[in-house]
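Colleague: structure of the sequence below:
(one chain, ligands or ions: 1)
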Amino acid sequence: MSLLVIGTVAFDAIETPFGKTDKIVGGAATYASLAASYFYNDVKIVAVVGDDFPQSEIADFKQHHINTEGLQIKKGEKSFFWSGRYHNDMNSRDTLATELNVLADFDPIIPESYQDCEYLMLGNLTPQVQQTVIKRLKNRPKLVVMDTMNFWMDIAMDDLIETIKMVDVLTINDAEARQLSGEYSLVKAARKILEMGPKYLIIKKGEHGALLFHEDKVFSAPALPLAEVFDPTGAGDTFAGGFIGYLAKVGTINFNNMKNAIIFGSALASFCVEKFGTEKIKNLTQEEVSERVQQFISLAQFEITL
Ligand code: AMP
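Modeller: Got it, this is the predicted structure:
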């Protein structure tokens with residue numbers, strides 16, 4: 001039994017109102033696998049990088065007990081590069097550059113030792129590649145969670161819709177839910193997206209928390225009010241990794257466990273934004289995670305006397 005994470009392992013250059021970074025390590029699979037590793041100790045990664053990717057970063061994955069056998073390193077090629085600039089509200093951003101590099105012809109090879117995968121996190125990546133990974137697993141995993149973004153809606157909508165049909169849970173942000181459904185109301189958007197195939201839909205609303213939709217049920221999770229947000233990059237991937245990592249740990253898929261998983265994912269995402277890049281998410285203790293989850297519980301708890 002294992003948790004397989006696919007997605008980008010990348011270099012990012014980020015500008016926020018608080019500062020600017022040169023190329024630092026990022027990528028959807030980087031954040032998601034690190035987050036999942038706090039809950040589950042059999043996390044495996046399938047991704048591709050160029051030989052410009054630092055060995056020390058691969059060692060950091062290993063330190064978190066993340067299996068990197070499926071991480072391809074392409075000689076003489078460059079890693080995926082993304083650059084973004086956040087607006088003052090830190091909720092919206094402009095993509096300044098997306099250089100696919102090694103991702104352009106990525107063939108996701110699944111090592112034989114990964115075939116025991118029960119939980120699959122399809123992190124943000126070419127929808128065609130996400131689909132190929134599902135097809136290359138001999139047994140369909142117990143749970144398939146997919147994350148994506150507007151970039152793929154703009155350039156590969158048909159492939160994206162085909163892939164969405166094959167998953168159990170889709171996680172996207174509010175703007176992406178509107179783009180995918182053509183509906184402004186998130187409730188109407190959710191109805192339309194659930195009709196596309198997934199059983200569960202999570203709509204992330206940045207500093208306003210997240211909504212979980214399943215059949216006619218809705219759950220609303222808060223986001224922790226933080227005094228300082230340094231860099232929201234990777235928060236969505238960290239959320240998704242924490243979410244599926246928690247579900248893999250508890251092992252039973254139902255609406256109640258999904259609700260708890262959203263709180264664990266949100267707790268990890270709240271750490272991610274406190275520092276640039278992966279710095280914070282790489283160096284957490286279990287105590288810090290538990291304390292943060294407790295803060296979430298207190299935040300949303302109230303008693304009514306009638
Ligand atoms: P998030 O802030 O959760 O949307 O994730 C940001 C991360 O996604 C960054 O570390 C980027 O390297 C990565 N990323 C940006 N654009 C793409 C894309 N089109 N496909 C896959 N990953 C991407």
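Colleague: mind naming the longest helix for the protein?
Modeller: Ranked by residue count under DSSP state H, the longest helix found in the chain is helix 255-272.
Colleague: any idea of the mean pLDDT in it?
Modeller: If you average the pLDDT over helix 255-272, you get 97.
Colleague: quick check, that helix touching the ligand?
Modeller: No - if you take C-beta under 6 Å from any ligand atom as the test, helix 255-272 misses the ligand, and the best it gets is 8.5 Å. Where you see a C-beta, it was placed from the backbone N, CA and C, and this is true even at glycine.
Colleague: go through that helix and flag the buried ones.
Modeller: Going by neighbour count (16 or more other C-beta atoms under 10 Å), the buried part of helix 255-272 is 258, 261-272.
Colleague: so what secondary structure elements neighbour that helix?
Modeller: Here helix 255-272 is seen to pack against helix 28-36, strand 210-214, strand 217-221, helix 235-250, helix 279-282, helix 286-300 when contacts are counted using 3 or more C-beta pairs under 8 Å, 6 or more residues apart in numbering; DSSP states H and E.
Colleague: angle of the second one against helix 235-250?
Modeller: Computed by axes from the mean of the first three to the mean of the last three C-alpha atoms, to 10 degrees, the angle separating strand 210-214 from helix 235-250 equals 50 degrees.
Colleague: sorry, back to before: may I have the longest helix of the chain exported as CSV, CA atoms only?
Modeller: The C-alpha trace of helix 255-272 is given here as CSV (Å, rounded to 0.1, in the frame of the first residue of the first chain):
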residue,chain,number,x,y,z
PHE,A,255,-17.5,12.3,3.8
ASN,A,256,-16.6,12.7,7.5
ASN,A,257,-13.0,11.7,6.9
MET,A,258,-12.9,14.0,3.9
LYS,A,259,-13.9,16.9,6.1
ASN,A,260,-11.1,16.1,8.6
ALA,A,261,-8.7,15.7,5.7
ILE,A,262,-9.5,19.2,4.5
ILE,A,263,-8.7,20.6,8.0
PHE,A,264,-5.3,18.7,8.0
GLY,A,265,-4.6,19.9,4.4
SER,A,266,-5.5,23.5,5.4
ALA,A,267,-3.3,23.3,8.5
LEU,A,268,-0.3,22.4,6.4
ALA,A,269,-1.1,25.0,3.7
SER,A,270,-1.2,27.6,6.5
PHE,A,271,2.5,26.8,7.2
CYS,A,272,3.5,26.8,3.6
